[in-house]
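Chemist: This is a predicted model, with the sequence first.
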Amino acid sequence: MPLSETIYALSSGATPSAIGVIRITGKKVKKTLVLMVKKVPEPRRMEHLKIRDAETKEVLDIGLVVYFSKNNSAIGEEMAEFHVHGSRAVIEGMFLSFSKIGGLRPAEPGEFTKRALLNGKADIIEVEALSDLIDSETETQRKSAIQQMQGGLSKKYNFLRKTLISLRAEMEASLDFSDEMDLSGVSYDRHKEKIFSLTKQINTEIKKGYQGKKLREGIKIALIGPPNVGKSSLINVLLKEKRAIVSPEAGTTRDVIEARLNLKGIPVTIFDTAGIRQARSDIEKEGIKRARAVAKKADIVVFIREALERPNSFKEQELLKNKKTLNVINKIDLIKKNRKFNGIAISCKTKRGISAFVETLECFATEITGAEEGFEGANRMRHIANLKETEKSLKISLKELNNNNIEISAEFLRAASTSLGRIVGTIGVEDVLDKLFKGFCIGK
């Protein structure tokens, strides 16, 4: 991707639309402006101008044009925007005019943002955060993305990296000048304490990373239980629409039905599954197999049974191990006397208990994502993997320091700082870039 080329793209929504914003960046921005609007507007000041074809000088549209100098653009190079009417004819006319100017070409997906990264206007964490902001579905996801875009996470990891580099430099200095000074009485206790403290801090960051990943991607909730206990009714109540087929006939749900919910700002995919029992047909057997698979992958398992059912009739307790599990007793409207239940009692028919059920799910979701603890943590497997490498190197460094192997300990501090550098992009992340920018739209 040569930075010498000038690129252009529609940066607003799909046409037709009231307004179309066309962005252009590169070395030939000024030339393009002169050819199409007869001037280079004053930087960062919108002007209402006639926009003409670069060759025929035919008026294509009358719109707003703004120019950004290299030092004041988000890309780190000269940039301009044409705010025109968003008809297909106008946009196509503009693009045809650009194609007549030598050295201009259409932008690739994410190329504007990639140039900002390469020009030092953003680091890779901030670019990833921009991608998360574009993809955000909930208010909580938006806040998390905005906080990372503002550079809080980058500053934290850069500070930790500089601390590691400084610590390593101190240790290596003692080795370099060992001929000039007596090191027999030198104590590395402070270094040990510092490495131990940094290890604990990185361990906390790893935990936050898994929580942040769940917040970014969303969590999974599986509704499981025997047939005809109201799983489909419950998902319809939660969605406030008739998404799943409800019937008094047991075994109506044969496949997994999934739907998206917003629980207190946390995106959730909820799965309605086939009733688990002794299968009576090959189709039902496959449905039960899928139900078990979904339950094993879920973050929260909601086990549902009927109020009239014996409490211990469900035989698949292994599906509930090592997970956030919620016991729900449905159809309490069928019980005439007051009874105590081991779980949350609800009635999908009368809506009794539904609010308490949703509140419990929200608490679980908040705990899993760490949403109430703030949004300053990592949120991608790339981050987590490098944090784990950092933690591993720090542990080895501390072990070697305890064994008085100063040179080896310092080398593992270097490895730890390298792993942190990969997170913020200080050290080679070329293998990450192509995958990242393929997810961006053209014009961003």
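Modeler: Looks like it arrived, so ask away.
Chemist: roughly how far apart are residue 112 and residue 41?
Modeler: 20 Å (C-beta to C-beta, to the nearest Å). Glycine gets a C-beta too; all of them are placed from N, C-alpha and C.
Chemist: More neighbours: those two, which one.
Modeler: Under the criterion of other C-beta atoms under 10 Å, the comparison of residue 112 against residue 41 puts residue 112 first, with 23 against 17.
Chemist: Buried residues in whichever strand or helix holds the more buried one, which are they?
Modeler: Assigned by DSSP states H and E, residue 112 belongs to helix 111-118. Buried residues in helix 111-118, counted by 16 or more other C-beta atoms under 10 Å: 111, 112, 113, 114, 115, 116, 117.
Chemist: do you know how far the first one is from residue 7?
Modeler: What that stands for is residue 111. 6 Å.
Chemist: likewise the second one?
Modeler: Distance from residue 112 to residue 7, counting by C-beta to C-beta: 7 Å.
Chemist: list the contacts for residue 383?
Modeler: 125, 209, 423 (C-beta atoms under 8 Å, 6 or more residues apart in numbering).
Chemist: Is it correct that the last one is in contact with residue 386?
Modeler: In other words, residue 423. Yes: Residue 423 lies in contact with residue 386 (C-beta atoms under 8 Å); the separation is 4.9 Å.
Chemist: dump the residue contacts of the nearest residue to residue 195 once chain neighbours are set aside.
Modeler: Using C-beta to C-beta, 6 or more residues apart in numbering and skipping residues adjacent in sequence, the residue nearest residue 195 is residue 398, 4.6 Å away. Residue 398 is in contact with 192, 195, 196, 199, 409, counting by C-beta under 8 Å, 6+ apart.
Chemist: Closest to residue 23 out of those?
Modeler: residue 199 (45.1 Å; C-beta to C-beta).
Chemist: is it true that residue 205 touches residue 386?
Modeler: No: checked against C-beta under 8 Å, the pair residue 205 and residue 386 is beyond contact range at 10.2 Å.
Chemist: mind listing what's buried in the helix or strand harbouring residue 97?
Modeler: Element membership for residue 97, per DSSP H and E: helix 88-99. Buried residues in helix 88-99, defined by neighbour count with 16+ other C-beta under 10 Å: 90, 91, 93, 94, 97, 98.
Chemist: ok, the fifth one touching residue 36?
Modeler: Yes: contact criterion C-beta under 8 Å: residue 97 and residue 36 qualify, at 6.3 Å.
Chemist: Mutual contacts of these two, please.
Modeler: In contact with both residue 97 and residue 36: 52, 53, 54, 60, using C-beta under 8 Å, 6+ apart.
Chemist: any idea which helix or strand carries the nearest residue to the third one once chain neighbours are set aside?
Modeler: By the measure of C-beta to C-beta, 6+ apart, the closest residue to residue 54 outside its immediate chain neighbours is residue 35, 4.3 Å from it. Taking DSSP H and E as the definition, residue 35 sits inside helix 29-37.
Chemist: so how far is that helix from its chain's centroid?
Modeler: In terms of C-alpha atoms, centre = their mean, to the nearest Å, the centre of helix 29-37 is found 38 Å from the chain centre.
Chemist: ditto for stretch 106-116
Modeler: 20 Å.
Chemist: Same check on stretch 94-101?
Modeler: Here stretch 94-101 is found 36 Å from its chain centre; the criterion is C-alpha atoms, centre = their mean.
Chemist: where along the stretch 1-150 of the chain do the strands fall?
Modeler: 6-10, 17-25, 47-52, 59-68, 79-86, 104-106 (DSSP state E, counting those that start in this stretch).
Chemist: For residue 130, give me its contacts.
Modeler: Contacts of residue 130 by C-beta under 8 Å, 6+ apart are 113, 122, 145, 149, 444.
Chemist: Pretty sure the third one sits against residue 137.
Modeler: Just to be clear, that refers to residue 145. No: contact criterion C-beta under 8 Å: residue 145 and residue 137 do not qualify, at 11.0 Å.
Chemist: if you count what's nearby, which of the two comes out ahead?
Modeler: More neighbours surround residue 145 than the other of residue 145 and residue 137, with 22 against 13 (other C-beta under 10 Å).
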